[in-house]
Structures are given as structure tokens and as C-alpha cells.
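Enquirer: Okay, here's the prediction I keep looking at, along with the sequence it came from:
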Amino acid sequence: MRKYIAKWTRPLGVAAICLPFVVAVAAADNASPIYGVSLPDGYRDWRVITVAHEAGKNNDIRAILGNDIAVKAFREGTRPFPDGSVIARLAYVYKSSPENDAVFPAPQSFVAGDPTNVQISVKDSKKYADTGGWGYGQFENGIANQSEPLLKSCFACHTKLDRSKDFVFSHYSP
């Protein structure tokens with residue numbers, strides 16, 4: 001019996017030893033092409049920089065968060081942003097809320113619906129020198145979007161901004 005148990009538990013021991021390596025490789029593979037940007041640990045706990053409603057084709061509502069370096073730069077008006085700044089944009093379907101509207105005298109309440117994507121912008125003036133010092137990533141359901149044309153369009157759109165904004169659309173909302 002002991003021989004039988006040892007025969008079947010040995011592969012489990014090997015799996016337990018290899019699992020951390022497999023998880024690490026999978027995490028490394030969850031990075032955007034071109035820039036290699038991945039979802040930062042703990043980004044959902046960062047401070048709010050601002051919120052936005054994007055009308056038109058996207059018609060979404062967004063929460064823009066920043067790590068401590070980015071938030072400090074936003075608050076102090078520091079431009080260009082210092083290396084190490086990371087901005088996360090969380091987008092959700094913009095939808096009306098019949099439940100909330102039932103309380104008000106007229107339909108007026110809109111809320112965040114299903115999440116659509118998370119975009120990450122990372123400031124590293126040396127690594128991303130060709131794109132104004134910014135690297136970009138977009139994630140759907142926590143998985144990096146692998147569309148190179150989509151990611152190439154990030155910087156192309158950001159270059160339309162006044163250079164004094166350091167290629168960043170958002171402004172700090174105290």
C-alpha cells in the first residue's frame with residue numbers, strides 16, 4: 001500500500017514545487033506587447049485622481065487612479081511627471097439606474113455598469129523615450145490586450161495634447 005501511495009503522491013510533490021514557477025511565468029506573460037506594461041499590484045487601492053465620462057463611441061464612465069508618485073505630481077502640478085508615476089484608468093459601461101431614478105422626480109441617475117477595461121500608463125523616461133516617456137497597457141478581465149495596433153494608437157492619441165500636459169489627459173480633481 002505504501003508503494004502505491006508513494007507512486008501517486010510523487011507527481012503532486014513535483015507539481016507543488018513547479019507551481020510557483022508556472023504562476024510567475026504566467027504573470028510575466030500578462031504584459032502588454034510593445035511596452036511590457038502589466039497590472040501593478042494593489043492598483044485598486046490607489047488614490048482617486050479624477051473621474052470622467054467619455055461620451056461617443058465609448059460611452060463609459062472612468063475612475064482615474066494614481067500611485068503615490070503620480071498623485072503627488074498631480075497635486076503639485078509637476079510636469080513632466082517624474083519617473084515611477086503610474087496612472088490607472090478603470091472604465092465601466094455608463095448606464096442609467098432605474099433603481100435610483102425611482103427615488104428622484106425624473107430620470108437622472110447614471111452609474112458604473114460592467115467593467116470594460118483597465119488602462120495603465122507608466123512613466124519611465126529612459127525605457128519609453130520614443131513615446132514621450134510613457135508606456136501603455138490595456139487589460140480586459142485582468143488579461144493584457146495583445147493588439148499591437150491598439151497599443152500603438154495610445155501614444156498617437158496622447159500626442160494631440162498640449163505638450164505641457166506631458167501626454168496626460170486627466171487633471172487633478174481635489
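Expert: Nice, thanks for sending it over. Computed from a predicted model, the values in this text were never measured in an experiment. Numbering: from 1, shown residues only.
Enquirer: Give the other helices and strands that the biggest strand by length in the chain contacts.
Expert: Using DSSP state E to define each element, the chain has its longest strand at strand 110-123. For strand 110-123, the elements it packs on are strand 60-66, strand 86-96, strand 134-140, judged by 3 or more C-beta pairs under 8 Å, 6 or more residues apart in numbering; DSSP states H and E. C-beta coordinates here come from the backbone N, C-alpha and C atoms, glycine included.
Enquirer: Please work out the angle formed by the directions of that strand and strand 134-140.
Expert: 140 degrees (axes from the mean of the first three to the mean of the last three C-alpha atoms, to 10 degrees).
Enquirer: Please spell out which residues along strand 110-123 are buried.
Expert: For strand 110-123, the neighbour count (16 or more other C-beta atoms under 10 Å) marks A112, T116, N117, V118, Q119, I120, S121, V122, K123 as buried.
Enquirer: Between which two of these is the distance greatest?
Expert: Farthest pair in the buried residues of strand 110-123 (C-beta to C-beta) is A112 and K123. Separation: 26.6 Å.
Enquirer: Where does the prediction get shaky in the chain?
Expert: The chain contains residues with pLDDT under 70 at 1-28.
Enquirer: before we move on, the earlier item: buried deepest among the helices and strands packed on strand 110-123, which one?
Expert: Of all these, strand 60-66 carries the top mean neighbour count, a mean of 22, counting by mean count of other C-beta atoms under 10 Å.
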